[in-house]
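S.K.: When you get a sec, could you give me coordinates for this:
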Amino acid sequence: MDVLSVRRWLGDVLLAGLLLLFGVAATKGAARFQPDATPLDGAAVGLIAIAAATLAVRRRWPVATLAVVTAATATYLIRGYPFGPVMIVLSVAVYTMTVALALRPAALIAGGAFAALAVHAFVPPNGDPGINGLVPAAAWVVVPFAVGVVVRLSREATARARTEAARRIADDERLRIAQEVHDVVGHGLAAINMQAQIALHLLHRKPEQVEAALTAISRTSKAGLDELRATLAAIRHDDRTPAPGLAQLPALRDRLAHAGLPVTVSVVGAPADRELPAAVDLAGYRIVQEALTNVLRHAGASTAAVRIEHRPDAVEVEVTDTGLGGPPSPGGTGIAGMRERATALGGELDAGPRPEGGFRIRAVLPLPSEEAP
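M.R.: Got it, this is the predicted structure:
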């Protein structure tokens with residue numbers, strides 16, 4: 001039994017004790033206003049004690065608890081003891097059972113409890129209350145049952161909301177991991193594929209240059225593996241800001257140069273706080289990386305240019321190439337992934353062919369505003 005269970009059990013024991021004391025004391029007071037009731041005796045106190053004490057195990061055995069409390073309460077009423085305080089214990093038992101069970105079985109059990117209580121209306125020792133005796137008994141069952149149903153439905157709704165939130169978090173995490181791995185692996189494989197094609201093209205014509213292409217493949221694959229390991233290590237340690245950032249663009253430019261795509265990088269301005277927020281820095285780098293990967297794969301470009309502009313309120317990232325241009329592939333995920341990175345930060349991304357030829361990707365990544373203390 002864990003600590004929470006022990007605390008709940010101790011709370012139920014305390015509740016049972018309080019209701020026992022209250023039931024005996026309050027019933028003595030109620031007896032003054034019910035002169036026709038059977039006077040309190042040891043049997044009446046015993047029935048109140050049995051009903052109240054059973055509440056100590058109400059959470060563990062809610063149905064059994066209600067059965068014992070109902071039997072004790074029905075016997076109490078049939079013997080004609082003063083009506084009133086003893087019904088509070090019954091209400092607690094009905095509520096506990098309703099919260100613990102599904103609606104249909106809870107309704108059937110509550111109906112059975114009411115049927116047992118209804119007996120006292122037709123076999124009273126002092127007079128015959130008849131149908132009038134059913135009304136108060138029904139209230140002590142129906143009201144806690146209705147409250148229990150509302151509480152159970154509320155708890156179920158809360159549990160469903162938590163489950164749905166957990167599922168969304170898991171889906172977002174899977175998407176984040178997939179995006180990171182896609183960006184790292186896709187870029188490396190695109191560069192390796194280009195170098196492999198160059199090597200095959202030169203194999204018979206200029207075999208002496210094949211070594212340079214294979215060396216570039218080796219460097220690119222090693223860099224890609226290193227970055228993949230770093231990304232997976234960051235994810236494994238729940239670090240949501242993996243290392244790559246805009247400061248690594250020169251290294252990315254050099255790798256692409258070895259892969260056969262000359263890239264120029266220009267930077268306008270500087271971060272206002274000397275260092276970009278990690279999320280913006282990573283998103284900017286990944287957008288440039290994916291854009292240049294698309295150039296390697298699809299553009300047939302001879303050159304590409306990267307321009308980074310630091311503004312007071314945002315970072316603008318622009319990647320252009322001198323390739324074939326034309327609309328993006330409808331089935332591709334690269335531009336969609338870049339746009340998701342930008343919009344996740346409250347920014348925007350535009351992608352399309354340039355009038356003078358080639359393709360252009362432009363993203364604006366807003367910087368978090370500083371709030372006054």
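
S.K.: so where do the strands sit in the stretch 151-300 of the chain?
M.R.: 263-268 (DSSP state E, counting those that start in this stretch).

S.K.: measure Ala278 to Arg60 for me?
M.R.: If you measure Ala278 against Arg60 using Cβ to Cβ, to the nearest Å, the figure is 50 Å. Quick note: C-beta positions are derived from backbone N, CA and C, even for glycine.

S.K.: try Ile308
M.R.: Separation of Ile308 from Arg60 (Cβ to Cβ) stands at 64 Å.

S.K.: Arg160 now?
M.R.: The gap separating Arg160 from Arg60 is 25 Å, by Cβ to Cβ.

S.K.: One more: Gln34?
M.R.: Relative to Arg60, Gln34 is positioned 35 Å away (criterion: Cβ to Cβ).

S.K.: hang on, the earlier thing: Arg160 and Arg60: which has the busier surroundings?
M.R.: Arg60 (13 against 10; other Cβ atoms under 10 Å).

S.K.: Does that one belong to a helix, a strand or coil?
M.R.: Under DSSP: H, G, I helix; E, B strand; the rest coil, Arg60 falls in the coil class.

S.K.: For the closest residue to it other than its chain neighbours, what is the enclosing helix or strand?
M.R.: When the adjacent residues along the chain are set aside, Arg60 lies closest to Trp9, with 7.9 Å between them (Cβ to Cβ, 6 or more residues apart in numbering). Trp9 belongs to helix 3-31 when assigned by DSSP states H and E.

S.K.: what about whichever helix or strand comes after that helix, distance to the chain center?
M.R.: Next helix or strand after helix 3-31 toward the C-terminus (DSSP H and E): helix 42-54. Offset of helix 42-54 from its chain centre (Cα atoms, centre = their mean, to the nearest Å): 47 Å.

S.K.: same question, stretch 312-325
M.R.: Computed by Cα atoms, centre = their mean, the separation of stretch 312-325 from the middle of its chain amounts to 35 Å.

S.K.: Ok, stretch 135-153 next?
M.R.: The mean C-alpha position of stretch 135-153 is separated from the chain mean by 33 Å, Cα atoms, centre = their mean.

S.K.: now swap in stretch 15-29 and tell me
M.R.: Taking Cα atoms, centre = their mean, one finds the center of stretch 15-29 at 45 Å from the center of the full chain.

S.K.: Of all the residues in it, which ones are buried?
M.R.: Neighbour-count burial for stretch 15-29, with 16 or more other Cβ atoms under 10 Å as criterion, is recorded at Leu15, Ala16, Leu19, Leu20, Gly23, Val24, Ala26, Thr27.

S.K.: what's the closest of these to Leu200?
M.R.: Closest to Leu200 out of the buried residues of stretch 15-29 is Leu15 (81.6 Å), distances taken as Cβ to Cβ.
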